[in-house]
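*Asks:* Test case, fold it:
(one chain, ligands or ions: 2)
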Amino acid sequence: MTSARDIRPRQDDFAQQHLSASPNASFHSPSSHGSALGRTVPLVNAKHLKPFATQDIKVLLLENVNQTGREILSQQGYQVEYLKSSLPEDQLIEKIRDVHVIGIRSKTKLTARVLKEAKNLIVIGCFCIGTNQVDLQYAADNGIAVFNSPFSNSRSVAELVIGEIIMLARQLGDRSNEMHNGTWNKVSNGCWEIRGKTLGIIGYGHIGAQLSVLAEAMGMSVIYFDVLNIMSLGTARQVETLEELLGQADYITCHVPEIPETKGMIGQTQFEQMKTGSYLINASRGTVVDIPALIDAMRSGKVAGAALDVYPNEPAGNGDYFNNELNTWGADLRSLKNLILTPHIGGSTDEAQKAIGVEVAQALVRYVNEGSTLGAVNLPEVVLRSLTMDEPNHARVIYIHKNIPGVLRKVNEIIGDHNVDKQMTDSRGDVAYLMADISNVDTATIKDLYTSFESLPSRIMTRILY
Ligand SMILES: NC(=O)c1ccc[n+]([C@@H]2O[C@H](COP(=O)([O-])OP(=O)(O)OC[C@H]3O[C@@H](n4cnc5c(N)ncnc54)[C@H](O)[C@@H]3O)[C@@H](O)[C@H]2O)c1
Ligand SMILES: O=C(O)CC[C@@H](O)C(=O)O
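*Replies:* Ligands and ions are numbered 1, 2, ... in the order given. Model prediction:
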């Protein structure tokens, strides 16, 4: 029996690579054992699990996902389709209907409307840090796991911002444009060293903290504002309010996620609270800064320069698209002096993209082949050590279900005749994830088990690997 969500990955080993830049990441090979969420040790005789079903795994990779990731997925024997850009919604809906796995970056919007059509989808890989482009709740409610790469491009963004601080301080963008147009304009007015100036970091997470260290090494004083109390690095100092930061900083840089609280967090009021002649950098998300308010602040001289890497609307692919059709203020923005505009390239370095490709593809493989949700951003993290070749008649049941009372009793009624070697369950909000390794199963039993789980009212998704 096959169901829309049944899948059959090829059982080849995939090459384990260690490119993660995460200080906390502990890569778990599909062949591993050890503590549930801690470090794992390779298990030599691990059994390669296959799903109870007959279909091949179909993967759709959009937005030029790095070759490292493509290779890991192809080496599994999955059918991988790869496109360089994102897709308009209607085309995305057509393509997503078939696939079990989708890999995207920041441009592809996986809204509830799109995901509703994704009847076979079991997992989404965001080959980037941000996950705001995915309806995470809808995905969780429908048993679709979402993974990202939380650290791999932080350093690249921090380095870009350091470069931009100097570029703005010295008006390098303007001088370079002038020279490209044949104009020699040797000026020092309004140009500064960054040594001794104050950098204000909004959002002291992975990127903000990296940047703090780099900026101090260049002789800047660092202050930061974050909704959490975060221990400072070096001699950086956390301030109590955003207003306090805005009033003290010469350079202000945003590194917050896109969430309702950060939408328009730098607007007219905040520009008024800044020092005259200060600089603003935004390489977080385009909705964080109110661009018309920035245009006014730059025209009035309140802001002496700015660098934007992200915009409320960004095109699906490369080309001649940064115009007023995309964002109504496009031409006004382009006319401003000492404004650096980059096409969302903060994380676009070879190092970052390779590391992200490996990290996310490995998470996808672990999820498809083993059911491990380690690192998932929308489901509880559940991991079991691998089944071994010494357990030939064992199967792994994965039951994603509504987090309501009485489910475990029903589950135990179904698997109660088997020895449950190990079992782990955890919940996150309304969704719970149960994984159990059971003994004495043959194909007929698996079919019965599958049907029984699928008929429970609490069911969101059932997968059986054996
Ligand atoms: N330009 C690019 O190419 C690029 C690359 C990577 C990440 N990003 C963006 O940068 C963002 C930050 O990345 P990160 O890895 O540092 O994230 P992070 O989660 O490590 O850090 C974000 C920090 O912002 C803080 N924060 C949240 N809401 C806040 C608020 N209202 N006020 C102040 N602080 C708040 C959090 O507490 C956290 O410390 C990502 O969410 C992503 O959108 C952009
Ligand atoms: O590569 C991308 O498209 C997004 C980069 C960055 O914004 C991220 O969220 O990691």
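
*Asks:* From now on I want contacts and neighbour counts done on CA atoms only, so please keep to that.
*Replies:* OK.

*Asks:* Regarding Leu199, what is its secondary structure?
*Replies:* The three-state label for Leu199, taken from DSSP: H, G, I helix; E, B strand; the rest coil, comes out as strand.

*Asks:* how about the residues of this structure near ligand 2?
*Replies:* Within the chain, the positions lying close to ligand 2 (C-alpha under 6 Å from any ligand atom) are Arg105, Ser106, Cys128, Ile129, Gly130, Gly347.

*Asks:* Need the three-state assignment for the residue nearest to Arg299 when sequence neighbours are not counted.
*Replies:* Counting by C-alpha to C-alpha, 6 or more residues apart in numbering, the nearest residue to Arg299 once its immediate chain neighbours are dropped is Leu336, at 7.7 Å. Using three-state DSSP, the structure places Leu336 in coil.

*Asks:* hang on, the earlier thing: which ones, among the residues of the chain next to ligand 2, also lie beside ligand 1?
*Replies:* Checked against ligand 1 using C-alpha under 6 Å from any ligand atom, those yield the following neighbours: Ile129, Gly130, Gly347.

*Asks:* quick one: which of those residues sit in helices?
*Replies:* Of the positions in these, not one sits in helices, assigned by DSSP state H.

*Asks:* How many neighbouring residues does the residue nearest to Val383 when sequence neighbours are not counted have?
*Replies:* Counting by C-alpha to C-alpha, 6+ apart, Val383 lies nearest to Ser372, which is 4.9 Å off, once chain neighbours are set aside. Ser372: 24 surrounding residues under other C-alpha atoms under 10 Å.

*Asks:* Specify the local secondary structure of Ser372.
*Replies:* coil.

*Asks:* quick one: it and Arg366 touch, right?
*Replies:* Yes: counting by C-alpha atoms under 8 Å, Arg366 is a contact partner of Ser372 at 5.7 Å.

*Asks:* distance between stretch 163-173 and the chain's centre?
*Replies:* The chain centre lies 29 Å from the centre of stretch 163-173; the measure is C-alpha atoms, centre = their mean, to the nearest Å.

*Asks:* Reformat the ones next to ligand 1 among the residues of the chain next to ligand 2 as JSON lines; add distance to Asp174 and pLDDT.
*Replies:* As requested, these are exported to JSON lines (distance: C-alpha to C-alpha, whole Å; pLDDT from 0 to 100):
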{"residue": "Ile129", "distance to Asp174": "31", "pLDDT": "96"}
{"residue": "Gly130", "distance to Asp174": "31", "pLDDT": "95"}
{"residue": "Gly347", "distance to Asp174": "24", "pLDDT": "97"}
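
*Asks:* so, if you compare the residues you listed, which one comes nearest to Ile356?
*Replies:* The shortest distance between Ile356 and any of those, using C-alpha to C-alpha, involves Ile129 and amounts to 8.9 Å.

*Asks:* what about the strands in the stretch 201-350 of the chain?
*Replies:* Counting by DSSP state E, counting those that start in this stretch, the stretch 201-350 of the chain forms strands over residues 221-225, 237-238, 251-254, 278-282, 303-308, 339-341, given from the N-terminal end onward.

*Asks:* Out of those, which gets nearest to Arg396?
*Replies:* Evaluated over those, closeness to Arg396 peaks at strand 251-254, with 44.4 Å, by C-alpha to C-alpha.

*Asks:* What pairs with the closest one, parallel or antiparallel?
*Replies:* The pairing partners recorded for strand 251-254 under DSSP bridges are strand 198-202 (parallel), strand 278-282 (parallel).

*Asks:* re the thing from before, around the residue nearest to Arg299, how many other residues sit close by?
*Replies:* Taking other C-alpha under 10 Å as the criterion, the count of residues near Leu336 is 15.

*Asks:* likewise Glu454?
*Replies:* By other C-alpha under 10 Å, the burial measure for Glu454, its neighbour count, is 17.

*Asks:* which residues touch it?
*Replies:* For Glu454, the residues meeting the contact criterion (C-alpha atoms under 8 Å, 6 or more residues apart in numbering) are Met461, Thr462.

*Asks:* pLDDT score assigned to it?
*Replies:* Looking at Glu454, its pLDDT stands at 97.

*Asks:* on that earlier part again, and the strands paired with strand 251-254, which is most packed in?
*Replies:* For the strands paired with strand 251-254, the stretch with the most neighbours on average is strand 198-202, a mean of 26; neighbours defined as mean count of other C-alpha atoms under 10 Å.
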